[in-house]
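Engineer: Model the following, please.
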Amino acid sequence: MGLLDKITLLYSADLWTNDPNELGTATWFKVIDPTADPIGDEPPTPQREFWNAAKLFNKPMVTMLHGATTADEYETLSDTELVDIADNLFRSLWTTNNGDVIVTDYVITRWRNDEHALGAYSYLSVNANVGLRTALCEHLGDGIYWVGEHCSIDYPATVH
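Structural biologist: Now for the predicted structure:
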């Protein structure tokens with residue numbers, strides 16, 4: 001089970017649509033950690049991606065996606081620490097000063113710490129085969145079936 005967590009930030013106003021670099025109309029923004037070694041890391045890590053949720057919800061909202069060891073580390077942090085990290089990284093994309101724009105609400109997922117999920121997305125590990133996905137979908141008797149993206153042979157990991 002892999003890990004891909006999200007932090008969705010709702011801002012008091014849109015701070016990206018009118019950016020002079022014209023990046024505000026993009027659907028995805030990738031941020032590479034400014035402390036990463038650009039020569040030693042291929043690609044530099046950690047990377048975070050932001051989804052421009054404003055385009056879908058018509059609200060000044062973005063969602064930061066972070067996975068793997070970064071997500072494991074972030075699950076140990078407080079809500080305040082995570083909101084600050086996401087907000088600072090997102091603001092680092094824009095050249096304009098929008099100090100009067102604030103985060104008014106947020107939602108954070110912590111899938112590894114969820115006692116019912118223990119992770120976010122399935123994947124086939126080294127030496128695994130598609131037969132393992134087929135086995136997950138077998139009928140267990142008494143009307144019990146496992147369902148979900150982990151059972152899909154044709155479209156695994158499409159829950160997102």
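
Engineer: burial count for Phe90?
Structural biologist: Using other CB atoms under 10 Å, Phe90 has 21 neighbouring residues. Quick note: C-beta positions are derived from backbone N, CA and C, even for glycine.

Engineer: and if you look at Leu93?
Structural biologist: Leu93: 18 neighbours (other CB under 10 Å).

Engineer: Correct me if wrong, but it is in a strand.
Structural biologist: No - counting by DSSP: H, G, I helix; E, B strand; the rest coil, Leu93 falls outside a strand, being coil.

Engineer: you'd agree it is up against Trp16?
Structural biologist: Yes - between Leu93 and Trp16 there is a contact at 7.3 Å, judged by CB atoms under 8 Å.

Engineer: Next, Arg133: secondary structure please.
Structural biologist: Applying three-state DSSP: Arg133 is helix.

Engineer: Now do the nearest residue to it once chain neighbours are set aside against Gly131, distance only.
Structural biologist: Sequence neighbours aside, Ile153 is the residue nearest to Arg133 in space, at 5.6 Å (criterion: CB to CB, 6 or more residues apart in numbering). Applying CB to CB, to the nearest Å, the value for Ile153 to Gly131 is 10 Å.
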